[in-house]
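model the following, please.
(chains A and B)
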Amino acid sequence: EAQVTQNPRYLITVTGKKLTVTCSQNMNHEYMSWYRQDPGLGLRQIYYSMNVEVTDKGDVPEGYKVSRKEKRNFPLILESPSPNQTSLYFCASSLTGAFSYEQYFGPGTRLTVT
Amino acid sequence: GDSVTQMEGPVTLSEEAFLTINCTYTATGYPSLFWYVQYPGEGLQLLLKATKADDKGSNKGFEATYRKETTSFHLEKGSVQVSDSAVYFCARILSGGGADGLTFGKGTHLIIQP
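Model (predicted):
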């Protein structure tokens, strides 16, 4: 089954404790992206990757890191999480970054930072 | 800057009512337009899309027409069902290409009552 998977689905952590949220897709997609969803703000892009070893900042990159060492994986790293990073996070992928292709979303990771 | 604006929710309707969710966009050039749907506890799924002016996207009884003259992409359905209860996001990809991913509206929460 074609899908985007994220782990963990739920995470509660404390301020400053490094964490990684994994994202993996099995569709051989070139383009991958991370979003956060917050009430009243909708979805905002954090980082995206056009292909392996190619990443770039989205609208809200501060406090996050990503890497794209393999085509299928695109982990999101929070080196020192803070409470304002409490949010619902979605990973997405698409065939390419071309503007007509739909994005496929993972099920989401709900992160709480205390 | 470029953006997507959609009507605030929640929108509450009775089953079999007619649905319209307004969406307008600003963009330089000719973006592709999308409607995504998010069911409770799930990630976003593409509902429909249109890639050029006057195109009509349709799926599951929903329709939206790309209106360049009014920069709009309103979502409509003739007779809603309880199972249509979800959050709906209007989105567009920058006209210059997909490198920057999608820009989303803030979402409209639709509640259908039996």
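
switch to C-alpha atoms for all contacts and neighbour counts from now on
OK.

for burial, what's the neighbour tally of residue B:105?
26 (other CA atoms under 10 Å in any protein chain shown).

surely it meets residue B:5?
Yes: the pair residue B:105 / residue B:5 is scored as a contact, 5.4 Å apart, by CA atoms under 8 Å.

what do these two both touch?
residue B:90 (CA atoms under 8 Å, 6 or more residues apart in numbering or on different chains).

excluding chain neighbours, give the residue nearest to the residue of chain B found nearest chain A in space.
Using CA to the nearest CA, the point where chain B gets nearest to chain A is residue B:106, with a distance of 3.8 Å. Distances taken as CA to CA, 6 or more residues apart in numbering or on different chains put residue A:42 closest to residue B:106, at 3.8 Å, once the chain neighbours are dropped.

how many neighbouring residues does residue B:76 have?
Residues near residue B:76, counting by other CA under 10 Å: 18.

repeat for residue A:25
For residue A:25, the count of nearby residues is 23 (other CA under 10 Å).

that one contacts residue A:1, doesn't it?
No: using CA under 8 Å, residue A:25 is not in contact with residue A:1, being 10.4 Å away.

longest strand anywhere in chain A?
Secondary structure of chain A per DSSP state E: the longest strand is strand A:42-51.

average pLDDT across it?
When pLDDT is averaged along strand A:42-51, the result is 91.

tell me which residues in the first helix or strand past that strand going along the chain are buried?
The helix or strand immediately downstream of strand A:42-51 is strand A:54-57, counting by DSSP states H and E. Across strand A:54-57, burial judged by 16 or more other CA atoms under 10 Å in any protein chain shown covers A:55, A:57.

gap between strand A:54-57 and the chain center?
Its chain's C-alpha centre and that of strand A:54-57 lie 12 Å apart, by CA atoms, centre = their mean, to the nearest Å.

same question for stretch B:57-75.
That offset, for stretch B:57-75, works out to 8 Å (CA atoms, centre = their mean).

strands along chain B, start to end?
Using DSSP E, strands in chain B cover B:3-6, B:11-14, B:19-21, B:23-26, B:32-38, B:44-50, B:56-59, B:62-65, B:75-77, B:86-93, B:102-104, B:108-113.

get me the contact residues on chain A for chain B.
Contact residues, chain A versus chain B (CA under 8 Å from any CA of the partner chain): A:33, A:40-45, A:48, A:50, A:58, A:90, A:97-100, A:102-108.

filter those residues to the buried ones?
Looks like these have A:33, A:42-45, A:48, A:50, A:58, A:90, A:97-100, A:102-108 buried, using 16+ other CA under 10 Å.

output the lowest mean pLDDT helix or strand found in chain B.
Lowest on mean pLDDT, DSSP states H and E among the helices and strands of chain B sits strand B:102-104, with a mean of 83.

quick one: strands adjacent to that one?
Here strand B:102-104 is paired, per DSSP bridges, with strand B:86-93 (antiparallel).

for chain A, which residue gets nearest to chain B?
Closest point on chain A to chain B, by CA to the nearest CA, is residue A:42, at 3.8 Å.

so that residue sits against residue B:104, correct?
Yes: counting by CA under 8 Å, residue A:42 touches residue B:104, with 6.8 Å between them.

residue ranges with poor pLDDT in chain B?
B:1-2, B:94-101 (pLDDT under 70).

redo that, cut-off 80
For chain B, the stretches with pLDDT under 80 are B:1-2, B:8, B:27-30, B:94-102.

related to what we said a few turns ago, what's the closest of the strands of chain B to residue A:17?
Minimum separation from residue A:17 across these (CA to CA) falls at strand B:44-50, 28.9 Å.
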